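1. Structure, please.
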Amino acid sequence: MVKVLGNVRLQSLLCVVFQVCVTCWMGFLAVDLPQNNSISHFTASFDVSLPHDYFALALQQDKAKPQAAAQLIQEIKETAGVLFAVTPSDRQTPIGIALSVHFPPARSGDFDIAYFTTTAESGAQVVAQIQEQLETYRRQHGQVHLAGDAVVNYHLDQESRQTRTIFSVLLIACLLASALFSRSLRVALITAGSILTPLAVTMGTYGLLGYQLDLLTNLIPVLILVLSLAMQMHVHLSVMRHGCVLKGLRSKLRANLLVTTTTSIGFISLVTSELAPIRTLGIFMAVSMWLIFVWVHVSYLGIGRIGQAIYPPVPKGFRILPLLSARKTGVAPIGFTLFASVTIFCGALAIYHTPVQSNGLYYFKANHPVRVDTDFFEHHVTGSCALTIDLPQNVDSGSVNQFMDRMRALDQIRHAFINPNPTSRQMVLMVNSIDSQSYKQLVEQLDLEFYKHFSPTQALKVGGPLAAVSLVQEQLLQSLGRSILTSFVFISLLIMLLVPRRVGFAIAWLPNLFPLACMALFMWVAGIQLSVATILVFSVAYGVAVDDTIHLTQKYLTAPDPAFWQQVVRTEGLAVLMTTTILVVGFAAIGLSSFQPLSHFGMLLSVGMLTAWLGDLWILPAVLGWLKPKHQQGVLHGPADR
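-> This is a model prediction of the structure:
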């Protein structure tokens, strides 16, 4: 028996109170999670030499106070985390042999130059600590330029925090769209609960377990918002059609379970990656999918059943949807399937020929301070990136000097010197900012020279941030390939449980690979390179596309009348259209970001969401037509088509 307090069901009220308490408590644990975009954070699982981080500082001399630059350099040398400074006066030979060390210059024009070495974990923190001192010098004495791998990591930390602003903008857009579409504040509150509660539980657990955010895991809130909104919109349309919360939830239960299973499988496949942040993202997003499933339903059972439930009928102003379907376009189903197949093939070629961006410096636009400062150093002083080479044991000074002379003769290497750390047996190469292809060519040259000057039995071991970033990007690509392939296989098998085997793979592949191919072609046309963010958009777009395909297919196959596709488009297609519209507009706004990974993430997902909708509208009905015998294929689109 349901207890009622006025128009409020007691069970629903308790459900709402519980949800609010959980959201507030777990959300509090998620406040101000620490950021860590250091290379060592990404390469903890790899055998890569990354003991130190580097940055260089150029201070314009103040003629009125010529000692100001030297004083600031000394203060920075004493900052916690700085191990030692590298200057031309540091000409000691720590491995005990006489070397013609070629240190970078200490002066360039009227600038004093200093070079600092930190631990691999503390580089960005040191740069953050000295920002106030540098700003004071800039105001009182003259220009300041700061460059190096540690500086890039610092700016990555700062820019990656933009995802919080992006999430806020997307959330507000979702709530406003939900309220305008339903003309109900209650529905907006349900949308908020469906998004915020699984987000708070996920990120609260993330913080409770001591994890740190990075460029990859910063996207977890955005992913939760996208997937929560997609599921909640389908549930809401079902509730509107039935005029009852319980009937609407029951109607979508099987489809939502299948969606949750397939999407979580896609994310859990990321645990095969050797990159710890990728594994973390996969585990937490796989768990979040089940949290989304639970809290979307709990939000309707709680907020949705308080007071007199008023759910208006489904809007009738979307008759354009059936007119845009495959049959109404005048194109035969085989034409759409061929079009999808050709697009997927061209997209595969495009992604194969898309270069990889392995230098974090190019995540920033050309007018960003870190790019401007780096250009200053590379034009007037030295390279902004550091590579290290482990020297063999028992080497003579002649071989080392000859090797260093050859290093300085290579185009990309500006200076070469021995690491002044007494415990180190490394040569440091100051290198200009280069892409992954140039880096591979440089390593081939280094390997050849190392073989000539030292023992052929000892392999070249290249370390440093640039080497680590290149390795990270390579692993990201492999992770993407394994993840999507695993998702394809398992999702295809699950969909085959839903539909006849002969079209199960076609439904899993054609409509859902189509948006991925369109994104790959867009990248090729726009000149966007593969990076951390652009790699992830493929998994996100595939997950959303599969979700919509499952809802549409489930609705069509459970219909009592085989001539039902136009009704499917008017009902489930409306949910897909609403979700697509909100996400395309929201992600297009992200595309305006000055931070390249987020800008590309937004642009590509806008393309992916739009083409996923077109795939469900055009390609899916063409594939579903194969389910019917030939004499019934004409009624797939309903009597209205004939």
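
2. What's the local residue count around Thr382?
-> Here the count is done by other CB atoms under 10 Å, and Thr382 has 21 residues near it. Glycine gets a C-beta too; all of them are placed from N, C-alpha and C.

3. Can you classify it by secondary structure?
-> Here Thr382 is recorded as coil under DSSP: H, G, I helix; E, B strand; the rest coil.

4. Quick check: it touching His415?
-> Yes: the pair Thr382 / His415 is scored as a contact, 5.1 Å apart, by CB atoms under 8 Å.

5. can you list residues touching both of the two?
-> Taking CB atoms under 8 Å, 6 or more residues apart in numbering as the criterion, Thr382 and His415 both touch 104, 430.

6. Could you pull out the helices in the stretch 301-450 of the chain for me?
-> Assigned by DSSP state H, counting those that start in this stretch, the stretch 301-450 of the chain shows helices spanning 320-324, 333-352, 369-380, 397-409, 436-453.

7. Now tabulate the ones you listed in CSV and tack on mean neighbour count, mean pLDDT and distance to Ser12.
-> Shown next, in CSV, are the helices of the stretch 301-450 of the chain (neighbours: other CB atoms under 10 Å; pLDDT from 0 to 100; distance: least, CB to CB, whole Å):
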stretch, mean neighbour count, mean pLDDT, distance to Ser12
helix 320-324, 15, 50, 34
helix 333-352, 17, 84, 45
helix 369-380, 18, 88, 52
helix 397-409, 17, 78, 72
helix 436-453, 16, 83, 55
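
8. Let me have the ones you listed in CSV, extended by distance to Gln125.
-> CSV is the format used below for the helices of the stretch 301-450 of the chain (distance: least, CB to CB, whole Å):
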stretch, distance to Gln125
helix 320-324, 53
helix 333-352, 36
helix 369-380, 16
helix 397-409, 31
helix 436-453, 26
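
9. tell me, how many neighbours does Val239 end up with?
-> Neighbours of Val239 (other CB under 10 Å): 23.

10. Can you tell me how far it is from Ala80?
-> 57 Å (CB to CB, to the nearest Å).

11. sorry, back to before: out of the helices of the stretch 301-450 of the chain, the one nearest Leu592 is which?
-> helix 369-380 (18.6 Å; CB to CB).

12. helices and strands around the closest one, which ones?
-> If you count contacts as 3 or more CB pairs under 8 Å, 6 or more residues apart in numbering; DSSP states H and E, helix 369-380 packs onto strand 52-60, strand 144-147, helix 149-160.

13. where's the shortest one relative to the chain centroid, distance-wise?
-> Computed by CA atoms, centre = their mean, to the nearest Å, the separation of strand 144-147 from the middle of its chain amounts to 28 Å.

14. Now that strand: average pLDDT?
-> Averaging pLDDT along strand 144-147 gives 90.

15. List the contacts of that strand.
-> Contacts for strand 144-147 (CB under 8 Å, 6+ apart): 55-60, 111, 127, 134, 137-138, 370, 373-374, 376-377, 384.

16. where does the stretch 101-250 of the chain have low pLDDT?
-> 101-103 (pLDDT under 70).

17. Tell me where it has strands.
-> 107-108, 111-119, 144-147 (DSSP state E, counting those that start in this stretch).

18. Serialize the ones you listed to TSV and add fields for mean neighbour count and distance to Phe488.
-> Shown next, in TSV, are those (neighbours: other CB atoms under 10 Å; distance: least, CB to CB, whole Å):
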stretch	mean neighbour count	distance to Phe488
strand 107-108	14	54
strand 111-119	22	42
strand 144-147	24	43
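
19. can you redo these as CSV with distance to Leu521?
-> Shown next, in CSV, are these (distance: least, CB to CB, whole Å):
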stretch, distance to Leu521
strand 107-108, 45
strand 111-119, 43
strand 144-147, 36
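
20. closest one to Glu75 among the ones you listed?
-> strand 111-119 (11.0 Å).

21. How many neighbouring residues does Arg183 have?
-> Applying other CB under 10 Å, I find that Arg183 has 10 neighbouring residues.

22. Kindly apply the preceding question to Trp613 instead.
-> What Trp613 shows, counting by other CB under 10 Å, is a neighbour count of 23.

23. Tell me where the longest helix sits in the chain.
-> Identified as the longest helix of the chain according to DSSP state H is helix 465-498.

24. In terms of pLDDT, where does the residue nearest to Ser594 when sequence neighbours are not counted sit?
-> With CB to CB, 6 or more residues apart in numbering as the criterion, Ser594 has its nearest non-adjacent residue at 5.7 Å, and that residue is Lys365. pLDDT for Lys365: 82.

25. ok, now Pro51?
-> Pro51 is given a pLDDT of 64.

26. mind listing the helices for the stretch 501-642 of the chain?
-> 501-526, 532-557, 565-590, 596-614, 620-624.

27. so which of the ones you listed comes closest to Asn394?
-> Comparing the helices of the stretch 501-642 of the chain by CB to CB, helix 532-557 comes nearest, at 41.5 Å.

28. Now the closest one: buried residues?
-> Buried residues in helix 532-557, counting neighbours by 16 or more other CB atoms under 10 Å, are found at 532-556.

29. quick one: the residue lying closest to Gly109 once chain neighbours are set aside from Arg414, how far?
-> Nearest residue to Gly109, sequence neighbours excluded (CB to CB, 6+ apart): His380, at 7.0 Å. According to CB to CB, His380 stands 11 Å off from Arg414.

30. Mind putting the helices of the stretch 501-642 of the chain into CSV with distance to Asp447 and mean pLDDT?
-> As requested, those are exported to CSV (distance: least, CB to CB, whole Å; pLDDT from 0 to 100):
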stretch, distance to Asp447, mean pLDDT
helix 501-526, 31, 81
helix 532-557, 27, 77
helix 565-590, 41, 76
helix 596-614, 31, 86
helix 620-624, 50, 79
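
31. Format the ones you listed as CSV; extra columns: distance to Ser492.
-> Shown next, in CSV, are the helices of the stretch 501-642 of the chain (distance: least, CB to CB, whole Å):
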stretch, distance to Ser492
helix 501-526, 4
helix 532-557, 10
helix 565-590, 21
helix 596-614, 17
helix 620-624, 13
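
32. Dump stretch 540-557 to PDB, restricted to CA.
-> C-alpha atoms of stretch 540-557 as PDB (Å, rounded to 0.1, in the frame of the first residue of the first chain):
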ATOM      1  CA  VAL A 540      32.600   8.000 -27.700                       C
ATOM      2  CA  ALA A 541      30.900   8.400 -31.100                       C
ATOM      3  CA  TYR A 542      30.700   4.600 -31.500                       C
ATOM      4  CA  GLY A 543      29.100   4.200 -28.100                       C
ATOM      5  CA  VAL A 544      26.400   6.800 -28.700                       C
ATOM      6  CA  ALA A 545      25.700   5.500 -32.200                       C
ATOM      7  CA  VAL A 546      25.300   1.900 -30.900                       C
ATOM      8  CA  ASP A 547      23.000   3.200 -28.200                       C
ATOM      9  CA  ASP A 548      20.600   4.800 -30.700                       C
ATOM     10  CA  THR A 549      20.800   1.900 -33.000                       C
ATOM     11  CA  ILE A 550      19.700  -0.500 -30.300                       C
ATOM     12  CA  HIS A 551      16.800   1.600 -29.200                       C
ATOM     13  CA  LEU A 552      15.500   2.000 -32.800                       C
ATOM     14  CA  THR A 553      16.000  -1.700 -33.700                       C
ATOM     15  CA  GLN A 554      14.400  -2.900 -30.400                       C
ATOM     16  CA  LYS A 555      11.400  -0.700 -31.000                       C
ATOM     17  CA  TYR A 556      11.000  -1.900 -34.600                       C
ATOM     18  CA  LEU A 557      11.400  -5.600 -33.900                       C
END
